[in-house]
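*Asks:* Return a 3D structure for these sequence lines:
(one chain, ligands or ions: 1)
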Amino acid sequence: MIDSLVPRSDFPLLATHPILRYLDSAATSQKPRAVIDAISNYYETVNANPHRGAYALSAAATEAYQHSRDGIATFLGVADTDTLIFTRGTTESLNLVAATWGRTNVRAGDRVVVTRMEHHANFVPWQQLCLAAGAEFRIAELTPLGEIDMPGLAALITPNTKIVAFGHVSNALGTINDIATIAQLAHAVGAVAVCDGAQAVPHIAVTFDSLGVDFYAFSGHKMLGPMGIGGLVSSRAILDTMPPYQMGGDMIAMVGDAQTSWNVLPHKFEAGTPNVEGAVGLAAAVEYLSDVGLSRIHAHEMALVDMAMRMLGELPGVRVLGPPSERRSGVVSFVVDGVHPHDLSQLLDADSIAVRAGHHCAQPLMRASGVPATTRASFYLYNSEADVTALVTAVERASRKLAH
Ligand code: PMP
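*Replies:* Numbering: from 1, shown residues only. Next up is the predicted model:
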């Protein structure tokens, strides 16, 4: 019997909803008491606008913000803490790269390559950048198992390619990509490698400095932290060449009547009052994750995913999409013959099972897979074998009721 890796009671929401089987952590994770307490404690004891006041409380807020950045950078294997830029999350991080590095470096006749499995956040910014610049936007296709067709990708990365953008882990299929190899292909033609780590950082150990990618984006709310905070990691050499993303307070060194100069990293990319609450909460989240251990979390999820894939695959009319369990993270996407995912997820909800139904912000992938939508169950450290068996039993009952 596989028990949850951590007590459900660590998560106040799960304690408040004792019969809930929360299988939607790929959309957002629940938050441990430690994160909620860190945020409350910050507001009760430290809150002030950082970087601005000469008084002690403002210095304490600045220190809390910086201390949080240090902890999160260490968790991500980033030695140069100033190269971790706080953003609202993966979406903003990727838009930042497209708006700054992209607009500066991508010209008519250049090429940007993405993959068929990208979340819209790592697809639309590049598509729109190419439309505006008159550049070519090319999509690497997938194998029938939902993995990147590597020879196909390699063939698309031509000498005029400036950016190769790809996910570390697919939110729709759970596929874990070989990002080091993709980064090498990008670098061989002088392109930058942009990696969407939204579904990786919460589930597998990530050491940015050894990944070989140039930009790495992630979201706090999928890794036990609060919504509204996430980050972008890059190298100082690249960040120093980029223009700022937004203009305003904190990101300037000197504002003249005619010209302005920019602050040092990371402030150059963090205009306006920062999300200190978010940074403090995310720092508490990475501490919690580190205490449990990412390798244990991944092994736990693989065991649950393996069981779910096997049991769902044995149900009549059920097809699980994506690669075998050993090459995926905690996501199981499936379709049931003759049953719409939205109807299925509503019946599962009546059994207190929360799953996601839809295109998972991956319409290009759904089109190529020949399905308009899937039902997606995603697992995390607070899930257990009992969640898997409840899901499979409920899917079986619901599909008997709904199939026609
Ligand atoms: N990329 C992937 C792979 C995701 O799963 C998500 C969230 N669903 C995003 C990007 C966007 O993240 P956010 O909404 O937190 O910016």
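
*Asks:* With adjacent residues omitted, what lies nearest to residue 254?
*Replies:* Among residues not flanking residue 254 along the chain, residue 261 sits closest, at 5.0 Å (Cβ to Cβ, 6 or more residues apart in numbering). Bear in mind the C-beta positions are built from the backbone N, C-alpha and C, glycine included.

*Asks:* Doesn't the one you found belong to a strand?
*Replies:* Yes. Assigned with DSSP: H, G, I helix; E, B strand; the rest coil, residue 261 falls within a strand.

*Asks:* Look up how far residue 104 lies from it.
*Replies:* Using Cβ to Cβ, to the nearest Å, we find residue 261 at a distance of 18 Å from residue 104.

*Asks:* same question, residue 146
*Replies:* With Cβ to Cβ as the criterion, residue 146 and residue 104 are 34 Å apart.

*Asks:* ditto for residue 195
*Replies:* 20 Å.

*Asks:* Could you report the pLDDT at the residue of the chain most remote from its centre?
*Replies:* Centroid-distance maximum for the chain: residue 257 at 40.5 Å, with Cα atoms, centre = their mean. You'll see residue 257 listed with a pLDDT of 98.

*Asks:* for it, helix, strand, or coil?
*Replies:* The local conformation at residue 257, judged by three-state DSSP, is coil.

*Asks:* Which parts of the stretch 201-350 of the chain are helices?
*Replies:* Ranges of helices in the stretch 201-350 of the chain, per DSSP state H, counting those that start in this stretch, are 236-239, 276-292, 294-313, 341-350.

*Asks:* buried set for the shortest one?
*Replies:* Using 16 or more other Cβ atoms under 10 Å as the test for burial, helix 236-239 gives residue 239.

*Asks:* Please pull out the lowest mean pLDDT helix or strand from this protein.
*Replies:* helix 363-369 (a mean of 92; mean pLDDT, DSSP states H and E).

*Asks:* Double-check that residue 131 belongs to a helix.
*Replies:* Yes. According to three-state DSSP, residue 131 belongs to a helix.

*Asks:* For it, give its distance to the ligand.
*Replies:* In this view, residue 131 and the ligand are 21 Å apart by Cβ to the nearest ligand atom, to the nearest Å.

*Asks:* Looks like that residue contacts residue 124 (just checking).
*Replies:* No. Look at residue 131 against residue 124 with Cβ atoms under 8 Å: they stay out of range, at 10.3 Å.

*Asks:* And these two? Which one has more around it.
*Replies:* Taking neighbours as other Cβ atoms under 10 Å, residue 131 and residue 124 compare with residue 124 leading, 19 against 10.

*Asks:* Run through the residues that contact the more buried one.
*Replies:* By Cβ atoms under 8 Å, 6 or more residues apart in numbering, no residues touch residue 124.

*Asks:* interface residues of the stretch 51-200 of the chain facing the ligand?
*Replies:* Residues of the stretch 51-200 of the chain lying close to the ligand (Cβ under 6 Å from any ligand atom) are 89-91, 119, 121-122, 167, 171, 196, 198-199.

*Asks:* hmm, I was thinking of the stretch 251-400 of the chain
*Replies:* Residues of the stretch 251-400 of the chain found near the ligand (Cβ under 6 Å from any ligand atom) are residue 361.
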